[in-house]
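Visitor: here you go, sequence then predicted model.
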Amino acid sequence: PDWFLLSMVLVTFLAWAFPGPGAAGGWMHPELVTKAGVALIFFLHGLALSFAALRAGVLNWRLHLLVQGCTYLLFPLLGLGLNAVLGGRLAPEIALGLFFVLFLRCTRVAARATDSFSSLVAFGLVSIWITHLIENVGMTLNLMPVTGIPLPFFSYGGSFLLASWISVGILVRLSAEGRGPAHSLVG
């Protein structure tokens, strides 16, 4: 018998029968256990890989290009298209996830820039968007005063929307030029 499958069935039954320990705030602390478990799985999987397997994975650049293109281009565009089709009725969690993907990609562009100026420009542009996002989320949660700061790509402010898309164009250009390794901002 497959011990892993049997243990999964047993753990699923125990979680169903006794939900308290695994609930938020339970004595098992699931918010920490899940993160540690995922990290342990990735660590053990990495240890099991041979150098030849690592080299073969790195040399498979077409697959990496496909994955990166889908992750950082296709899915965000689908999300923005979905928002346009739904007329702004996009769930807040999905919108925040799209912002996270955008910010992740922008910081990657900044880290891979070929010079310090390009890196600072990319970090500056993403910092503007992050500031606007934090301010808007804070206003929604009544943690910050209500101001007129628009939410990037969602609010109908014409000049800020134009500035945001110009910023996207600048970031795309920096991404095309900066294909080097991660650049240090210090020194």
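Guide: Noted; the coordinates are in hand. Owing to the predicted nature of the structure, the values given are computational and were not obtained by experimental measurement.

Visitor: quick one, longest helix in the chain?
Guide: Scanning the chain for the helix with the most residues, using DSSP state H, yields helix 116-140.

Visitor: what is the mean pLDDT for that one?
Guide: Averaged over helix 116-140, pLDDT sits at 90.

Visitor: what's the helix or strand that it is followed by packed up against?
Guide: Once the chain leaves helix 116-140, the next helix or strand it forms, by DSSP states H and E, is helix 158-177. Packing contacts for helix 158-177, counted by 3 or more Cβ pairs under 8 Å, 6 or more residues apart in numbering; DSSP states H and E, involve helix 92-111, helix 116-140. For the C-beta atoms, the positions are set from N, CA and C on the backbone; glycine is no exception.

Visitor: low-confidence ranges in this protein?
Guide: 88, 90, 156-157, 179-187 (pLDDT under 70).

Visitor: next up, the contacts around residue 103.
Guide: Applying Cβ atoms under 8 Å, 6 or more residues apart in numbering to residue 103 gives the contacts 126, 129, 130.

Visitor: in a markdown table, list those residues along with neighbour count and distance to residue 175.
Guide: Formatted as a markdown table, these follow (neighbours: other Cβ atoms under 10 Å; distance: Cβ to Cβ, whole Å):
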| residue | neighbour count | distance to residue 175 |
| --- | --- | --- |
| 126 | 20 | 12 |
| 129 | 19 | 16 |
| 130 | 17 | 18 |
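
Visitor: for the spatially most central residue of the chain, what are its contacts?
Guide: In the chain, the residue lying closest to the centroid (Cα atoms, centre = their mean) is residue 101, at 3.6 Å. Listed by Cβ under 8 Å, 6+ apart, the contact set of residue 101 reads 71, 72, 75, 76, 79.

Visitor: try it again at 6 Å.
Guide: residue 76 (Cβ atoms under 6 Å, 6 or more residues apart in numbering).

Visitor: any idea how far residue 147 is from it?
Guide: 26 Å (Cβ to Cβ, to the nearest Å).

Visitor: one step back: what angle do the longest helix of the chain and helix 158-177 make?
Guide: Interaxial angle of helix 116-140 relative to helix 158-177 (axes from the mean of the first three to the mean of the last three Cα atoms, to 10 degrees): 140 degrees.
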